[in-house]
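In: no sequence on this one, just coordinates:
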DNA sequence: ATGTCGTAACGTTTACGA
């Protein structure tokens, strides 16, 4: 079961590049972030004609997440539990019925949090605490689940080309990293680091200042796996090359393969 | 040179979020 996460930075602008990638990537499941569209404006046909069912949780202009799947989906839920007042579309869950095993899949777009300090940073940290609470609920089931998406977290200095410029940023501040570790440390496995160690692996390059040409990137898109899902992990890779194509997103896809 | 995108709207330009 191949599952990808891809922050597309606007579905309208990405129809061409996203379609090309879907054709060649051959994923069973894809979680998307930053649709920047309401559900009615998502071009479902481009996914359905490729064999995917489409579950969206959209929002005008900002945020918006989706799950695409060639495998049957069950029990789709939208929104991160823990705050009835939160209207930002950043979270969706569904159970993917694999040939051998069902996997609960969570797609997320974690708040950026800048500037620090301020209400946006407070919202980020509170959102991360809600995510941890949800992960703990799922852990108690002792079943395969995964949380995939744009975490807006640079876990360690080795995950940035220039860690010094991110020191005071919401993506790398000590409080942000601690909140991320608090989620991981309930017993989850970060898929990429379970397979590949060392610096120089990124999923995001800013559009500005020639960041891509200088390989000035950061690794902020992650898969966290429950123990039962980690047992099934056979691969995890970043599709770096598509950042160099026409009209790219500022993120690239990261994907895992599960024996499920 | 403080650098680029994507989206929306009281739109041919500005504001916001990233």
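Out: Everything's here; your move. Owing to the predicted nature of the structure, the values given are computational and were not obtained by experimental measurement. Residues are numbered from 1 along each chain as shown, chains lettered A, B, ... in the order given.
In: In chain A, what residue comes closest to DNA strand B?
Out: Scanning chain A for proximity to DNA strand B using Cβ to the nearest atom of the strand identifies residue A:10 as nearest, at 2.2 Å. To be clear about C-beta, it is placed using only N, CA and C from the backbone, and glycine gets the same treatment.
In: In contact with that residue, which residues?
Out: Residues near residue A:10 by Cβ atoms under 8 Å, 6 or more residues apart in numbering: A:34, A:35, A:36, A:37.
In: Using a markdown table, lay out those residues together with distance to residue A:92.
Out: As requested, those are exported to a markdown table (distance: Cβ to Cβ, whole Å):
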| residue | distance to residue A:92 |
| --- | --- |
| A:34 | 13 |
| A:35 | 11 |
| A:36 | 15 |
| A:37 | 14 |
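In: near DNA strand B too, which of the residues you listed?
Out: A:36, A:37 (Cβ under 7 Å from any atom of the strand).
In: Walk me through which strands the helix or strand hosting residue A:55 pairs with, and which way each runs.
Out: Mapping residue A:55 onto the secondary structure by DSSP states H and E places it in strand A:53-57. Counting by DSSP bridges, the strands paired with strand A:53-57 are strand A:65-69 (antiparallel).
In: Scan the contacts of residue A:10 and report the most crowded one.
Out: When neighbours are taken as other Cβ atoms under 10 Å, the top entry among the contacts of residue A:10 is residue A:35 (27 neighbours).
In: That residue is in contact with residue A:58, isn't it?
Out: Yes - taking contact to mean Cβ atoms under 8 Å, the distance of 5.4 Å between residue A:35 and residue A:58 places them in contact.
In: Understood, closing this out.
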